[in-house]
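Asks: sequence and predicted structure below; questions after.
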Amino acid sequence: MRVGAELLPLEIPVTRTLIVAGAIASRDYHDVHHDAEAARRKGSPDVFMNILTTNGLVGRYITDHFGPTAVLRKVAIRLGAPNYPGDTMVLTGRITAVDGDTATVHVVGANGIGTHVKGTVTVTVPARVPAPAPEAAP
């Protein structure tokens, strides 16, 4: 981990299934996340992704990069342009600070209409402890 290091981009197809499943999984039953007609009545062209799904995808992006021992300490994000079905969100990241085994990563998620999400994630990656050597047989 070093300051300035760029994380590889992650492309996430934004499907209607992802939007609806994410809303249901996070118990967000607002109709704008699963009912296209209701979303249109409220001024949106279609259903759109909720912040909890976005938050989960940002977390996945970080743990995919840093590995299975990574521990998310803080996720601070803000939403911008909505994620609508049929688009693709591309997550990118850059390490902005390192303190021992803890890094701060600036994350941006962009789609076809602009920046969907941006923020920072603080992640700790514990040092790997080598497995103990097997004991010799008597």
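Replies: It's in.

Asks: where does pLDDT dip in the chain?
Replies: 128-134, 136-138 (pLDDT under 70).

Asks: quick check, central residue of it?
Replies: Centroid check for the chain by Cα atoms, centre = their mean gives V58 as the closest residue, at 1.1 Å.

Asks: contacting residues for it?
Replies: Each residue near V58 by Cβ atoms under 8 Å, 6 or more residues apart in numbering is listed here: 75, 77, 91, 107, 109, 117, 119, 121. Where C-beta positions appear, they are placed from N, C-alpha and C, glycine not excepted.

Asks: for it, which three-state class applies?
Replies: Under DSSP: H, G, I helix; E, B strand; the rest coil, the three-state class of V58 is helix.

Asks: got it, and V75?
Replies: When classified by three-state DSSP, V75 comes out as strand.

Asks: count of neighbours near I19?
Replies: 23 (other Cβ atoms under 10 Å).

Asks: which ones are touching L57?
Replies: Counting by Cβ under 8 Å, 6+ apart, L57 makes contact with 12, 89, 91, 109.

Asks: next secondary structure element downstream of the host helix or strand of the third one?
Replies: Element membership for L91, per DSSP states H and E: strand 87-99. Tracing the chain past strand 87-99, the next element assigned as helix or strand by DSSP H and E is strand 102-111.
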